[in-house]
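Engineer: I'll drop the sequence and a predicted model, then ask my questions.
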Amino acid sequence: MSTPSLPHPPFYTIPNISNLRDAALHPLTTPSGPLRPGLLFRSADVTSLTQPDWLALRSLGIAHVFDLRSQPEVAKTWPTEQTPAWASAMSAAGLQRTWVPVFHDADYSPAGIAARYVKYMDESDAGFVEAYRDILHAGPGAYARIFRFLAAEARGGEAALVHCSAGKDRTGVFFGILFDFLGVPRGDIADEYHRTEMGLAGVREEIVERLLAGPAFRNYVAARAKGERLSREELARLVADDGSGEAFEISPEMMEVGRRAALRMVSARKESMLRTLEMVDSEFGGSEKYMREKCGLSEEELEGLRRNLVVRD
C-alpha cells in the first residue's frame, strides 16, 4: 500500500515511522505568542526504525525520545535482556530514550485491554472521553517527567519526541493537556489532534486488519451479531474471553460491523478532544490544575514550560 502524501510542515516523511510531525507547526499560537517550532514532536511506534532513520530524526533536532507504551507492548520488540537493534541504532545516532509508561502492567491484562477496546469502539464520543479519563488518571507520573524535561532543558537544538503505539491516544492526551495549559485555542488543539487521521492513513488498513484478526474483535462481533443488549462491562468480559466467539459463524454483514468498530478505534475525531478538554475542566479543574495537583508541577516548572515553549511577542 502506498503512503499518501502528507503536508510538510507539520509532517516529516521518514521510512518506517508513521504520524511523525512537529505539533507546533500546525501552526499553534497562544495569547502570548506562537509555540516554538522544533521542540515538540509526536509519532507512532519507533521500533521499526533503522540506523539511517534515526539519523534522519536526529537531523530534525530530536535528542530525546519519550516512550509512553506499557511493558507488554515494549516486550514485543524487547523480549529479552539483550538490547534490540532499533534501540542500539537509536543510541548510536545520539538519541536518548526515556521509558515513561502511562499504564501499569496490570492495566494491560486481557480484561484491561478489553475494557479500553470497548470504550474506543463506542459509537459516540463518550467512549473516547471515558478512555481518555482513564489515561489522565493513570498518566500523571509519566506526563510529569516529560513536562519537567521540557520546562528545564528544552532548547532549540534539544527537541523531544513523544510516542505511544499509534501516537494518538496517550500521546494525544499529553499534547492536549500541554497545549490547553499554554493557552492554545481548543479548536486548534482539536484540529492538531485530528491530523493523526492523516498521519495514520498509510497504515490504517493494516491496523484495522490486525485488529479484526484478533479474538477480541471476533468476540465483539459475535456478541453484536447475537443481538444481545449488553452493558459495556458485559461486552468487555466477552471481548476478554479468547474463546467466546470461536464457534459463532459471522456473516459478512456482521464483519462489517466489526470493521466499522475497528475504524472508530483508529479515529481521531475533533469532537473527542473537545469533549475530553471539557471533561478536564469539570473533573480536574482544568489543565493547569491537573498539572499542578496531579502531576505535581511547581510554579517555577510551569513558568519554565511557558518560557521554553512559547515565542513571546
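Structural biologist: Received it, and whenever you're ready, just let me know what you need.

Engineer: where are the low-confidence patches of the stretch 1-150 of the chain?
Structural biologist: Along the stretch 1-150 of the chain, the model assigns pLDDT under 70 to residues 1-4.

Engineer: Which parts of it are strands?
Structural biologist: Using DSSP state E, counting those that start in this stretch, the strands of the stretch 1-150 of the chain run over residues 21-22, 29-30, 33-34, 40-43, 62-67, 96-99.

Engineer: Who are the packing partners of the longest one?
Structural biologist: Right, strand 62-67. strand 96-99, helix 140-152, strand 159-163 (3 or more CB pairs under 8 Å, 6 or more residues apart in numbering; DSSP states H and E). (Each C-beta comes from the backbone N, C-alpha and C, glycine too.)

Engineer: Of the ones you listed, which is nearest residue 20?
Structural biologist: With CB to CB as the criterion, residue 20 lies closest to strand 159-163 of the helices and strands packed on strand 62-67, at 8.0 Å.

Engineer: Strand 62-67 and the closest one, what's the angle between them?
Structural biologist: Relative orientation of strand 159-163 versus strand 62-67 (axes from the mean of the first three to the mean of the last three CA atoms, to 10 degrees): 20 degrees.

Engineer: Partner strands of strand 159-163 and their direction?
Structural biologist: strand 40-43 (parallel), strand 62-67 (parallel) (DSSP bridges).

Engineer: Of the ones you listed, which stretch is the most buried?
Structural biologist: Among the strands paired with strand 159-163, the stretch with the highest mean neighbour count (mean count of other CB atoms under 10 Å) is strand 40-43, at a mean of 25.

Engineer: Could I have the CA atoms of that strand written out in PDB?
Structural biologist: Taking Å, rounded to 0.1, in the frame of the first residue of the first chain, the C-alpha atoms of strand 40-43 are listed here in PDB:
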ATOM      1  CA  LEU A  40       7.600  19.200  20.300                       C
ATOM      2  CA  PHE A  41       7.500  16.200  18.000                       C
ATOM      3  CA  ARG A  42       5.000  13.300  18.200                       C
ATOM      4  CA  SER A  43       4.700  10.000  16.300                       C
END
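
Engineer: re the thing from before, tell me which of the strands paired with strand 159-163 lies nearest to residue 296.
Structural biologist: Distance to residue 296, taken as CB to CB, is lowest for strand 62-67 among those, at 17.4 Å.

Engineer: now, of the helices and strands packed on strand 62-67, which is deepest in the fold?
Structural biologist: strand 159-163 (a mean of 23).

Engineer: Tell me which other helices or strands the following helix or strand past it touches.
Structural biologist: Of the helices and strands lying after strand 159-163 in sequence (DSSP states H and E), the nearest is helix 170-182. Here helix 170-182 touches strand 40-43, helix 125-138, helix 140-152, strand 159-163, helix 186-199, helix 270-284, helix 287-289, helix 299-309, going by 3+ CB pairs under 8 Å, 6+ apart.

Engineer: can you do 7 Å?
Structural biologist: Identification of packing neighbours for helix 170-182 by 3 or more CB pairs under 7 Å, 6 or more residues apart in numbering; DSSP states H and E yields helix 125-138, strand 159-163, helix 186-199, helix 270-284, helix 287-289.

Engineer: Of those, which stretch is the most buried?
Structural biologist: Ranked by average neighbour count under the criterion mean count of other CB under 10 Å, the helices and strands packed on helix 170-182 are headed by strand 159-163 at a mean of 23.

Engineer: quick one: residue 93 and residue 54 touch, right?
Structural biologist: Yes - contact criterion CB atoms under 7 Å: residue 93 and residue 54 qualify, at 3.7 Å.

Engineer: Distance check, residue 92 against residue 53.
Structural biologist: Distance of residue 92 to residue 53, given as CB to CB, to the nearest Å: 12 Å.

Engineer: Pick out whichever of the two has more residues nearby.
Structural biologist: Legend: neighbour count by other CB atoms under 10 Å for residue 92 and residue 53, higher for residue 53 (19 against 11).

Engineer: mind listing what that one touches?
Structural biologist: Shown in contact with residue 53 (CB atoms under 7 Å, 6 or more residues apart in numbering): 14-17.

Engineer: again, only using 8 Å
Structural biologist: Residues near residue 53 by CB atoms under 8 Å, 6 or more residues apart in numbering: 14-17, 89.

Engineer: Sounds good, over and out.
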